[in-house]
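[1] Have a look at this prediction, sequence included:
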Amino acid sequence: MAQRLSPEGSAPEGSAALDVEAVRRDFPILERLINDHPLVYLDSGASSQKPVAVIEAQRQYYLNSHANIHRGVYVLSEEATLAYEQAHEQVGQFINADWDEVIFTKNTTESLNLVAYAWGLNHLQAGDEVVATVMEHHSNIVPWQQMAKRTGATVRYIGITPQGHLDMEQAAALIGPRTKLVSVAHVSNVLGTINPVVEIGRMAHAQGAVFCVDGAQSIPHMSVDMQAIDCDFFAFSGHKMCGPTGIGGLYGKREMLERMEPFLYGGDMINEVSLEGSTWNDLPWKFEAGTPPIAEGIGLGVAVQYLQGLGMQAVHDYEHHLVCEAMAQLSAVPDIDIYGPAAEDRGGVIAFNMEGAHAHDVASILDQYGVAIRAGHHCAMPLMRELNINGACRASFYMYNTVEEIHTLIEALGAVRRMLRR
């Protein structure tokens, strides 16, 4: 796919700029009217919209090549198998990993649970410690709490600074000889904080601990390189990166995956079965039991190709421009509290509250003007308590958003204020 870049644009000087109008034409849903207003979709942190290429790839699979994989010697099955395995190769290339180190799961949640059950349950014991952070999504807290209950291990949490960064001095103090696993978000889904995962990984490995990264909010928006990060596991979701729902991934270092027991048992993950016992298939099929999400896997492969065609640096640069613009405009709005670091230190996520207004009320009124944002605790209740709030509004941006849509958000927030305080 050719890059959708233009020599002019609003990205930082020295970087290629996205042709945003061309990108927007790839997403038909953006043409919708919501309550007689053009849709302004600012909830890509929850789930991104899908380009035509992804939708069409799944459609063509079902129209022309649907069959189960790894089971048939006829043409349809061979075509489906090839397309599904190519998707693993496409994702592996995207993250700079070998294709068989990429396990397809349902989403980030399942990926992190796979690590918890297939690694944690067999390696943690009483006296061991797991280190996470207070800014984690519940998917990177609850599995470790449950493993701690079952094994006698303890979960400890790195706090945050008043500016919304991880407290790295505390991290250095917490990650010690008893630490067996460190699991952190690459980018906070609330604060937008881009965490120093390379530095944290070095701390973990220096203590002999395994390092796991929740990449749900990073892989759609920036280049991620498994060799550069040097994590042992990296979890992500397809639906946040232009792919279908029901598909996600877990990268694992080969030596880790080969030593681990499967998470699920049944069809296709076996090598040989007798009445006395079983042996396991090669990677990655060892961890992909049963009929997998074939169409969704194919769609994810096309989504990765689409993002590569845009260029991840161009995507990141453009989103950085959007978040800088949004932060500047929101900061000028009276009675708005913004949470998290400065624009230069965050991804395309802004959590905020309007004084005297419940986040759900704000989001509901914004919807009347066609503006879609998220409101609530964002599956991050411990962080909400740390911030001393019950919830927040969240605007999250992607490469198909525009500066004009930010203006619309600000104007709609003015309407919220007038409506709630008349």
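    That came in fine, so what should we check first? Residues are numbered from 1 along each chain as shown.

[2] How is the residue nearest to Met241 when sequence neighbours are not counted assigned, secondary-structure-wise?
    Nearest residue to Met241, sequence neighbours excluded (C-beta to C-beta, 6 or more residues apart in numbering): Pro220, at 3.7 Å. Yep, even glycine has a C-beta here, placed from its N, CA and C like the rest. When classified by DSSP: H, G, I helix; E, B strand; the rest coil, Pro220 comes out as coil.

[3] can you start the count at 166 instead of 1 from here on
    Sure, I'll start counting at 166 from here, so that last one is Pro385.

[4] pLDDT at the nearest residue to Ser561 once chain neighbours are set aside, what is it?
    Spatial nearest neighbour of Ser561, chain neighbours left out: Gly210 (3.1 Å); criterion: C-beta to C-beta, 6+ apart. Among the per-residue scores, Gly210 holds a pLDDT of 98.

[5] all helices for the stretch 466-587 of the chain, in order.
    Taking DSSP state H, counting those that start in this stretch as the test, the helices found in the stretch 466-587 of the chain are 477-496, 524-533, 546-552, 568-585.

[6] how about those in a markdown table, adding distance to Asp293, mean pLDDT and mean neighbour count?
    Listed next are those as a markdown table, based on distance: least, C-beta to C-beta, whole Å; pLDDT from 0 to 100; neighbours: other C-beta atoms under 10 Å:
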| stretch | distance to Asp293 | mean pLDDT | mean neighbour count |
| --- | --- | --- | --- |
| helix 477-496 | 36 | 97 | 20 |
| helix 524-533 | 38 | 97 | 18 |
| helix 546-552 | 21 | 98 | 17 |
| helix 568-585 | 46 | 95 | 17 |
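
[7] would you list those in TSV and tack on distance to Tyr249?
    As requested, the helices of the stretch 466-587 of the chain are exported to TSV (distance: least, C-beta to C-beta, whole Å):
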stretch	distance to Tyr249
helix 477-496	24
helix 524-533	38
helix 546-552	37
helix 568-585	36
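
[8] Relative to Gln335, which of those helices is closest?
    helix 546-552 (12.9 Å; C-beta to C-beta).

[9] Contacts for that closest one next, please.
    Applying C-beta atoms under 8 Å, 6 or more residues apart in numbering, the contact partners of helix 546-552 are 299-301, 303, 306, 322, 324-325, 353, 355-356, 504, 542-543, 555-557.

[10] now the protein, which segments are flagged as low pLDDT?
    Where the chain drops to pLDDT under 70, the residues are 166-181, 587.

[11] Kindly state the domain boundaries assigned to it.
    170-196+477-585, 220-473 (automatic domain parsing).

[12] winner for burial among these?
    domain 220-473 (a mean of 20; mean count of other C-beta atoms under 10 Å).

[13] just how off-centre is that one within its chain?
    11 Å (C-alpha atoms, centre = their mean, to the nearest Å).

[14] want to throw the domains of the chain into TSV with distance to Tyr206?
    Shown next, in TSV, are the domains of the chain (distance: least, C-beta to C-beta, whole Å):
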stretch	distance to Tyr206
domain 170-196+477-585	5
domain 220-473	13
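
[15] you'd agree Met391 is up against Ile260?
    Yes: if you go by C-beta atoms under 8 Å, Met391 and Ile260 touch, sitting 5.2 Å apart.

[16] Quickly list what's touching both of the two.
    By C-beta under 8 Å, 6+ apart, Met391 and Ile260 have these common neighbours: Phe399, Tyr416.

[17] mind checking the SS state of the residue nearest to the spatial centre of the chain?
    The residue lying closest to the centre of the chain (C-alpha atoms, centre = their mean) is Ala381, at 1.4 Å. Under three-state DSSP, Ala381 falls in the coil class.

[18] Look up the closest residue to it, ignoring the ones flanking it.
    Thr273 (4.3 Å).

[19] need the contact list for that neighbour.
    Contacts for Thr273 (C-beta under 8 Å, 6+ apart) come out as His302, Ser304, Asp379, Gly380, Ala381, Ala400, Phe401, Ser402, Gly413.

[20] Assess the claim that the residue nearest to the centre of the chain and Gly403 are in contact.
    No: using C-beta under 8 Å, Ala381 is not in contact with Gly403; the gap is 10.2 Å.

[21] need the next SSE after the helix or strand harbouring Ala245, C-terminal direction.
    Per DSSP states H and E: Ala245 is located in helix 240-260. Downstream of helix 240-260, the first helix or strand assigned by DSSP H and E is strand 267-270.

[22] And the contacts of that next one?
    Residues outside strand 267-270 that contact it (C-beta under 8 Å, 6+ apart): 252-253, 256-257, 260, 276, 279, 412-417, 422, 448-449, 452-453, 457-458, 462, 465.

[23] hang on, the earlier thing: contacting residues around the residue nearest to Met406?
    Ser209, Ser213, Lys405, Met406, Cys407, Leu472, Tyr563 are the contacts of Pro385 under C-beta under 8 Å, 6+ apart.

[24] again, only this time at 10 Å
    209-210, 213, 352, 401-408, 468, 472, 477, 480, 484, 512-513, 563-564 (C-beta atoms under 10 Å, 6 or more residues apart in numbering).

[25] Then Leu574?
    If you count contacts by C-beta under 10 Å, 6+ apart, Leu574 has them with 205, 207, 491, 494-495, 498, 515, 531, 534, 536, 538, 560, 566.

[26] Would you quantify the distance from it to Val536?
    6 Å (C-beta to C-beta, to the nearest Å).
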